[in-house]
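J.: with the sequence up front, the predicted model follows.
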Amino acid sequence: MNVVVEKPIDSFFAAASKYTTSEDLYVLSPFITTSSARLVADFAKERNTTLRIVTNLDPLQINFSFSNPMKPLLDLLSDKELTLNLRKCNQLHAKVYYLNASCCVFGSSNLTLGGIAKNLELNALVDIRKDKKAMLDIEAFIQ
């Protein structure tokens, strides 16, 4: 496991690019912005994999949040080249970026420009292929 403080999505993409797997890409984030969602969607399309997003769609969050997830999600749904699966979890606080059976970043980074590129965040990068217990724990959590 490595600690990632700056630009966690770059570390995740670099680690994930080492694998030729076409496994699903999971993103769990209560906050999502369009530019960041497009970044992971493009990565999923390049790899010809399904993007599975779990986010908070609580009406209070949608109405009062700086980051309304509906616009980025509608943008992704309109992308005919993207295979997308959406799931809501109104209690979601976790931030997880997971490529099945390959690698995972989890920590404080939302799928927003601040979370993945600008803010000082603390995340862990795990090579799942080297840590089967971590893989099982993460898969149990995201299911």
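T.: Received, thanks.
J.: for this protein, longest helix please?
T.: helix 34-46 (DSSP state H).
J.: show me what that helix is packed against.
T.: helix 8-16, strand 25-28, strand 51-55, helix 70-77 (3 or more C-beta pairs under 8 Å, 6 or more residues apart in numbering; DSSP states H and E). Quick note: C-beta positions are derived from backbone N, CA and C, even for glycine.
J.: quick one: mean pLDDT for that helix?
T.: Here helix 34-46 scores 92 as its mean pLDDT.
J.: what residues of that helix count as buried?
T.: Neighbour-count burial for helix 34-46 flags 34, 36, 37, 39, 40, 41, 43, 44 (criterion: 16 or more other C-beta atoms under 10 Å).
J.: over to stretch 136-143?
T.: 138, 142.
J.: so how far is it from its chain's centroid?
T.: Relative to its parent chain, stretch 136-143 has a centroid offset of 14 Å by C-alpha atoms, centre = their mean, to the nearest Å.
J.: before we move on, back to that, so which of the helices and strands packed on helix 34-46 gets nearest residue 87?
T.: Closest to residue 87 of these, according to C-beta to C-beta: strand 51-55, at 4.7 Å.
J.: other residues contacting the following helix or strand past that closest one?
T.: Once strand 51-55 ends, the next helix or strand along the chain (criterion: DSSP states H and E) is helix 59-64. With contacts defined as C-beta atoms under 8 Å, 6 or more residues apart in numbering, helix 59-64 is touched by 30, 68, 69, 70, 90.
J.: so for helix 59-64, what's the average pLDDT?
T.: 74.
J.: just give me the residue closest to the centre of the protein.
T.: Residue closest to the mean C-alpha point of the chain, counted by C-alpha atoms, centre = their mean, is residue 27 at 2.5 Å.
J.: and the closest residue to it other than its chain neighbours, what does it touch?
T.: Of all residues not flanking residue 27 in the chain, residue 53 sits nearest, at 5.0 Å (C-beta to C-beta, 6 or more residues apart in numbering). Going by C-beta under 8 Å, 6+ apart, residue 53 touches 26-29, 32, 37, 73, 76, 84-87, 111.
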